[in-house]
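**Student:** 3D model of this:
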Amino acid sequence: MSERVLLSAMGVLEAATGLALLVIPTVLVELLLGATLGTAAGMTVSRIAGAALLALGIACWFTREGGSRGLLAAMAFYNATVVVVLLAGWIGPGLSGVAFWPAILVHTVMAVWCIVYLSPRST
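**Tutor:** Prediction:
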């Protein structure tokens, strides 16, 4: 598949998640983590938001020269960080909802997909 398809897939998935967080945040957190917005769940969502902001910074840094490598690097970082943060929420406070493992799977696939396109062999 092409880089364009990868970027399109991530754009749709992340936009849908962002819209859900804006419109129905308690529903999304309940589906994802099986908890209401409380201390542990709030911290997890805050860390994911922090990863997203850091990913934007990475994208700005790498794309200043042009091209999409910066965006791919940022999205690889973001997706990998989401997996780590969600797993930490599962291991520590035991957070897990209906959408938890599908989210782990999607973010793992997206991170690996980005890394494949960033590898020297794919350029």
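**Student:** for the rest of this, base every contact and every neighbour count on C-alpha atoms.
**Tutor:** OK.
**Student:** for L118, give its distance to V84.
**Tutor:** Note on L118: its distance to V84, by CA to CA, to the nearest Å, is 20 Å.
**Student:** typo on my end, it should be S46
**Tutor:** Distance from S46 to V84, by CA to CA: 14 Å.
**Student:** next one: E14
**Tutor:** From E14 to V84 the distance is 17 Å (CA to CA).
**Student:** the two: who's more crowded?
**Tutor:** V84 (16 against 13; other CA atoms under 10 Å).
**Student:** show me the residue at the heart of this structure, geometrically.
**Tutor:** N79 (3.7 Å; CA atoms, centre = their mean).
**Student:** surely that one touches T108?
**Tutor:** Yes: look at N79 against T108 with CA atoms under 8 Å: they come within range, at 6.7 Å.
**Student:** average model confidence for the lengthiest helix in the chain?
**Tutor:** Using DSSP state H, we find that the single longest helix of the chain is helix 39-63. Mean pLDDT, computed over helix 39-63, is 75.
**Student:** buried residues of the next helix or strand after that helix, list them for me.
**Tutor:** Following helix 39-63 in sequence order, the next helix or strand is helix 69-91 (DSSP states H and E). For helix 69-91, burial by neighbour count (16 or more other CA atoms under 10 Å) applies to 69-87, 89.
**Student:** for helix 69-91, packing partners?
**Tutor:** helix 39-63, helix 100-118 (3 or more CA pairs under 8 Å, 6 or more residues apart in numbering; DSSP states H and E).
**Student:** make it 10 Å
**Tutor:** Judged by 3 or more CA pairs under 10 Å, 6 or more residues apart in numbering; DSSP states H and E, helix 69-91 is in contact with helix 3-23, helix 25-33, helix 39-63, helix 100-118.
**Student:** from A41, how far out is L72?
**Tutor:** Distance from L72 to A41, by CA to CA: 28 Å.
**Student:** oh, I was asking about A80
**Tutor:** 19 Å.
**Student:** try G67
**Tutor:** 36 Å.
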